[in-house]
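Novice: 3D model of this:
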Amino acid sequence: MADEGLRIAPGIAIPDHEITETASRSRGPGGQNVNKTETRVTLRWDALRSGALAGEARARALRALAGRLTRGGELIVRSDRFRSRERNRAFARERLASLVAAALERPRPRVKTKPTRSSRERRLEAKRSRAARKQGRASVRDEQ
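Specialist: Residues are numbered from 1 along each chain as shown. Just a heads-up that it's a prediction; the model follows:
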């Protein structure tokens, strides 16, 4: 079986060699075990130079992930939710895949619609009632 990597969407997968994984001491659950084992998993994926994405998909992903990328174009995902490194690794890979998949989704084009006649009438009636309410706040002059 070939190494297919992290599946993002049909026909799109990030090869495992493009994902750098490091483990470090966790701040999450684990009691005193947390002080001696490295269960936090950090995944780094170079979105800028990745061969997994091409053309328009790469541009869309870079635009959508811009706030999460480092200056070098890397996407970093950390997980220290669980006590075991294996569960944190699986969770981090899942999050990486979902972030990239969400970034690759094409936004649905907006369909222009006209306001209905009743909605226009409601808007105008609301404007009239606001105007009347504000008119009622005007100072009253004494006429002699």
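
Novice: low-confidence stretches in this protein?
Specialist: 1-3, 28-30, 142-144 (pLDDT under 70).

Novice: what ranges do the helices span in it?
Specialist: Using DSSP state H, the helices found in the chain span residues 55-64, 85-104, 117-136.

Novice: which residues does the last one contact?
Specialist: Contacts with helix 117-136, where a contact means CB atoms under 8 Å, 6 or more residues apart in numbering, come from Pro115. For every residue, glycine as well, the C-beta is placed using N, CA and C.

Novice: next up, the contacts around the residue positioned nearest the centre of the chain.
Specialist: The chain has Leu99 as the residue nearest its centroid, 6.1 Å off, counting by CA atoms, centre = their mean. Neighbour list for Leu99: 65, 68, 75, 77 [criterion: CB under 8 Å, 6+ apart].

Novice: tell me which of the helices of the chain is the most buried.
Specialist: helix 85-104 (a mean of 17; mean count of other CB atoms under 10 Å).

Novice: follow-up on the earlier one: closest one to Ala47 among the helices of the chain?
Specialist: Among the helices of the chain, helix 55-64 comes nearest to Ala47, with 6.2 Å by CB to CB.
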